[in-house]
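1. Pasting the sequence and the predicted model now:
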Amino acid sequence: RSVEQAVEYGTSKWSADRATFYNSQLTIMRSQAVAELSVKEAKLDQIPAVAGQGTPAQRYRAALGAVRSSAAVSLSDLERTVWIKATHKDPVAAAAIANALVAGYQAFNRDRYRDGNKHATEWLAHELDTVEQELALADKKIGAFKQTNDLLSFSLEDQRSLLGSRITHYSEQASQAKTERISLELAYKKINEAKQAGIIDSSIFDLAESTTGRFLREKYVAATIDLESLSANLGPLHPTRLEQIERVSKLKAALNDEADVVAVTAHDKYKKALALEGRMNAEVDALKQQAFDLGPQEIAHGALLRKRQEAAERATHLRERYNQNNMAGRLQATNVRPLDAAMVPRNSGAKKWTFYVGAGGAMGFLMAVGLILLMHQLDSRIHRVAQIEELGGSGFLGALPIIKDADSGQPNIMSRFQEAIRIVRPNINFMAP
């Protein structure tokens, strides 16, 4: 009888390879040490179904052997879970062994954690004392440095912070100015290219978003169409036609003037953006130079502060770890817990294999028949002469073989083709009126 048990166990944050860590836990669960703890924690030597009868030593060895031989562990598809399977002729014994292995693995992790926690706490206490001495020495050096360099009223940190914020601000302004300059430069180039391509058919006014240019272009196009209409209906010297020619010329001149204005405006915007970018970069360079000119005092003071900060961070971290270890050492908890307790199976009879075999055979037969019917319905090939006559609506005269280039060298290929011609030819003559 098989009993399955799902157990979740913790992963170590320092483990770089999870698969290696999980496999190592499986090895631990299969070990002699965990088996002994399982017998001890679950008192399997006192369960007759597992240990049988005999002296205490005999029952202990029998229970230990049952755990080692009956229990099997394997990784589950679920994250951080493992399957425990116990196989025994007695379902009660199988369930007891599965649950006992969980208790033994929990006890193993609890004992190992308690021992490791004790050594870690001692090491943390020693390291914490050392770091606190380093922190006191760092504070003393910083105080002496400020007194020597007259930094008690206005600190280097404030000045460096102010310079840093100004450098960040002007760097952002320079980046924005650069982006604007690139955009205007690209627009200026496109406007010049559009101007060279011709004002009427180009997109110069669309690129510059010139409402006046678009209006003049529409007026020019409309005037040109009117001129073509007048030229078709009136003579070349007709006053109305001459007035329209002058109107078209004025509109074209206005369009050229507007295009020049658009190009000059785009160029002016590009120049202003370029000058603004230069000023921002110059301001950033000047501020960086000021930060650099703070001199060796800032470097020395920063080194002292970094050492002090590192010591403070280490002290805080070690103090937290020390408190956590002290608290954890008093607890009896473990990060391993069963998801479901192993239960004794209710139905211990043999599986109804005849039913499953019969059902599987019937299902296979139905699937085969369905597949044959489906293939028959989907088959669109022609297999009989009657199908050709039915599809073509006329009688069948004969069949000619297909000769491919690869078959041209085979013997008797032409004779077969000629024989087919001789069969078809009389049928054709017979069908002729």
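-> Looks like it came in fine. Numbers count the residues shown, from 1 in each chain.

2. Please, which helix or strand holds residue 64?
-> Using DSSP states H and E, residue 64 sits in helix 56-70.

3. any idea how far residue 376 is from residue 86?
-> The gap separating residue 376 from residue 86 is 53 Å, by CB to CB, to the nearest Å. C-beta: built from backbone N, CA, C; applies to glycine.

4. Tell me which of these two has more neighbours.
-> Using other CB atoms under 10 Å as the criterion, residue 376 and residue 86 rank with residue 86 on top: 25 against 8.

5. can I assume the more buried one sits in a strand?
-> Yes - under DSSP: H, G, I helix; E, B strand; the rest coil, residue 86 sits within a strand.

6. My understanding was that it contacts residue 344; is that so?
-> No - under the criterion of CB atoms under 8 Å, residue 86 is not in contact with residue 344, lying 11.1 Å apart.

7. quick revisit: describe which strands the helix or strand sitting right after the helix holding residue 64 along the chain pairs with in its sheet and in which direction.
-> Beyond helix 56-70 in the direction of the C-terminus, DSSP H and E gives the next helix or strand as strand 71-75. Sheet pairing here is set by DSSP bridges, and for strand 71-75 it gives strand 81-87 (antiparallel).

8. what's the model's confidence in the partner strand, averaged?
-> Confidence for strand 81-87, expressed as mean pLDDT, is 84.

9. where exactly do the helices run in the stretch 301-433 of the chain?
-> Taking DSSP state H, counting those that start in this stretch as the test, the helices found in the stretch 301-433 of the chain are 353-378, 385-392, 413-431.

10. ok now the first one, how far from the chain's centre?
-> Put plainly, it is helix 353-378. In this view, helix 353-378 has its centroid 43 Å away from the chain centroid, taken as CA atoms, centre = their mean, to the nearest Å.

11. Mind listing what's buried along that helix?
-> Residues of helix 353-378 include none that count as buried (16 or more other CB atoms under 10 Å).

12. cool, and stretch 159-166?
-> Of the residues in stretch 159-166, 163, 166 count as buried by neighbour count, 16+ other CB under 10 Å.

13. ditto for stretch 77-85
-> Neighbour-count burial for stretch 77-85 [16+ other CB under 10 Å]: 82-85.

14. Is it possible to get TSV of those residues that adds distance to residue 336?
-> Below are the buried residues of stretch 77-85 laid out as TSV (distance: CB to CB, whole Å):
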residue	distance to residue 336
82	10
83	14
84	12
85	17
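
15. Out of those residues, which is nearest to residue 274?
-> Closest approach between these and residue 274, by CB to CB: residue 82, at 67.5 Å.

16. The closest one pairs with what?
-> Assigned bridge partners for residue 82, using DSSP bridges, are residue 7, residue 75.

17. from now on call the first residue 11
-> Noted, 11 is the first residue going forward, which turns the last one into residue 92.

18. Show me where the protein has its strands.
-> 12-18, 81-85, 91-97, 347-348 (DSSP state E).

19. Go ahead and name everything in contact with the second one.
-> So the one you mean is strand 81-85. 32, 36, 39-40, 45, 91-97, 107-108, 111 (CB atoms under 8 Å, 6 or more residues apart in numbering).

20. Which of those residues sits closest to residue 365?
-> residue 97 (23.9 Å).

21. Look at stretch 28-48 and report the distance between its end residues.
-> 26 Å (CA to CA, to the nearest Å).

22. Look at residue 439 and say how many residues are nearby.
-> 8.

23. before we move on, what about residue 435?
-> 12.

24. Just the closest of the buried residues of stretch 87-95 to residue 440, please.
-> Residue 440 lies nearest to residue 93 out of the buried residues of stretch 87-95, by CB to CB, at 81.4 Å.

25. Which residue is the nearest non-sequential neighbour of residue 261?
-> residue 230 (4.2 Å; CB to CB, 6 or more residues apart in numbering).

26. wouldn't the one you found be in contact with residue 262 here?
-> Yes - Residue 230 lies in contact with residue 262 (CB under 8 Å); the separation is 6.1 Å.

27. between the two, who's got more neighbours?
-> Counted by other CB under 10 Å, residue 230 and residue 262 do not tie: residue 230 has more neighbours, with 20 against 16.

28. Next up, the contacts around the more buried one.
-> Counting by CB under 8 Å, 6+ apart, residue 230 touches 210, 258, 261-262, 265.

29. And the furthest pair within the residues you listed?
-> The span of the contacts of residue 230, defined through CB to CB, is set by 210 and 258 at 11.3 Å.

30. Which one of those two is surrounded by more residues?
-> Using other CB under 10 Å, the more surrounded residue of residue 210 and residue 258 is residue 258, with 18 against 12.

31. My guess is the more buried one contacts residue 234. True?
-> Yes - at 5.8 Å, residue 258 and residue 234 qualify as touching, with contact defined as CB under 8 Å.

32. Can you tell me the closest non-neighbouring residue to residue 310?
-> Spatial nearest neighbour of residue 310, chain neighbours left out: residue 155 (6.9 Å); criterion: CB to CB, 6+ apart.

33. what's the burial count for the one you found?
-> The number of residues packed near residue 155 is 17, by other CB under 10 Å.

34. where do the helices sit along the stretch 61-210 of the chain?
-> Using DSSP H, counting those that start in this stretch, helices in the stretch 61-210 of the chain cover 66-80, 101-158, 166-207.

35. export those to TSV and tack on mean pLDDT?
-> Listed next are the helices of the stretch 61-210 of the chain as TSV, based on pLDDT from 0 to 100:
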stretch	mean pLDDT
helix 66-80	86
helix 101-158	81
helix 166-207	80
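
36. Switch those over to a markdown table; also include distance to residue 276.
-> Rendered in a markdown table, the data for the helices of the stretch 61-210 of the chain read as follows (distance: least, CB to CB, whole Å):
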| stretch | distance to residue 276 |
| --- | --- |
| helix 66-80 | 87 |
| helix 101-158 | 56 |
| helix 166-207 | 4 |
